[in-house]
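Engineer: how would this look folded up:
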Amino acid sequence: MHRNSKPLFCFFIYFLCSLSLFAAKNGLAIYVDATAKTTAERGTSDSPFGSLEQAVAAAYDRINRQEAPVKNGKPAPVSVFLRSNVYVEEALFLTIPIKIISENAPVITFGENAGFVVERTSLEIKGCSVKRSERFTEPRTVPVVYGSNASVTLNKVSITVKEGGDAVILRDSRITCTDTSFTSEQSAQAVLVRAKKSTVSALRSTFSASGLMVLCFDFVKTQCTLTDTVCNLAAHYTGRLAELTGSTVKMRKLQCSYTSPLFEMMDAAIIADNASKAELPESVEFTGFEEALVRR
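Structural biologist: Model (predicted):
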């Protein structure tokens, strides 16, 4: 080992331990490692659970037993430290606050028709990849993240969807993305984020989609802020940054490109009704569009 490697490695271990102790003092901490060889899975650092489903079930149990600290009349989020890749066959229904924290840049792979379903609570993910790949059978709208009256926070997260529907659907919810990427590869229509009566905020994030028709954002009565954002649209036919109904989008330092094997240019990056507002400062760059905004 290089003579400077040992102090660095010790610092890394110390950092992880400090992070775990911080979580334990400020809320419940549960550990998941599908590669761990242990017969007694208790969700502790020394004896982690083997699946994410076990961790969520344990979080429910502990909050129902009122073991979690309470802040502002609500239980504090349960921290789930994910140490390995995991496969999740069925949808994860969350009605309690969960914070999933990466320890080894893990991948969460969902089975067909499965994802996070967040109902009236919060979900926070840090440093993980979330993937789902399905067979193309018929067009569906089954997101990897669904929020209803929910709060979703993504920090250094990668979400990849191949067939099977949208990446994110929000209803009366909010999502905050930082240093996060969204990728959708569809044989038919590809939509990254659908939101109604919600709030969307993205900072230093990337949105990429390919399909017959491609749309980054489909907003109804939604407020959105995009900062230092890149959007790449590879469409056979129509490709747009956003379609707005009664919504507001504020953009700063945004780059959006449209490419197609059939058309050199698309008519508009944004289609909006008269009740919508789209701020288009000079720092916004559109490539492959004849116009930035068209009213319908």
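
Engineer: all contacts plus neighbour counts: C-alpha atoms, from now on.
Structural biologist: Will do.

Engineer: Let me know the helix or strand that the residue lying closest to Ala40 once chain neighbours are set aside is in.
Structural biologist: Using CA to CA, 6 or more residues apart in numbering and skipping residues adjacent in sequence, the residue nearest Ala40 is Ser47, 6.4 Å away. In the assignment (DSSP states H and E), Ser47 maps to no helix and no strand.

Engineer: Tell me the pLDDT of Ser47.
Structural biologist: At Ser47, the model reports a pLDDT of 91.

Engineer: now swap in Lys6 and tell me
Structural biologist: On the pLDDT scale, Lys6 gets 51.

Engineer: For this protein, which element, helix or strand, carries the lowest mean pLDDT?
Structural biologist: Here the helix or strand of the chain ranked lowest by mean pLDDT, DSSP states H and E is helix 5-26, holding a mean of 45.

Engineer: name the helices or strands packed onto the helix or strand following that helix?
Structural biologist: Per DSSP H and E, the first helix or strand lying C-terminal to helix 5-26 is strand 29-32. Helices and strands touching strand 29-32, by 3 or more CA pairs under 8 Å, 6 or more residues apart in numbering; DSSP states H and E, are helix 52-64, strand 78-82.

Engineer: model confidence over the last one, on average?
Structural biologist: Looking at strand 78-82 alone, the average pLDDT works out to 96.

Engineer: hmm, who's touching that strand?
Structural biologist: 23, 27-33, 55, 59, 68, 97-104, 106 (CA atoms under 8 Å, 6 or more residues apart in numbering).

Engineer: Repeat that for the first one.
Structural biologist: Contacts of helix 52-64 from elsewhere in the structure, counted by CA under 8 Å, 6+ apart, are 28, 30-32, 43, 49, 68, 75, 78, 80, 86, 88, 92, 94, 96, 98.
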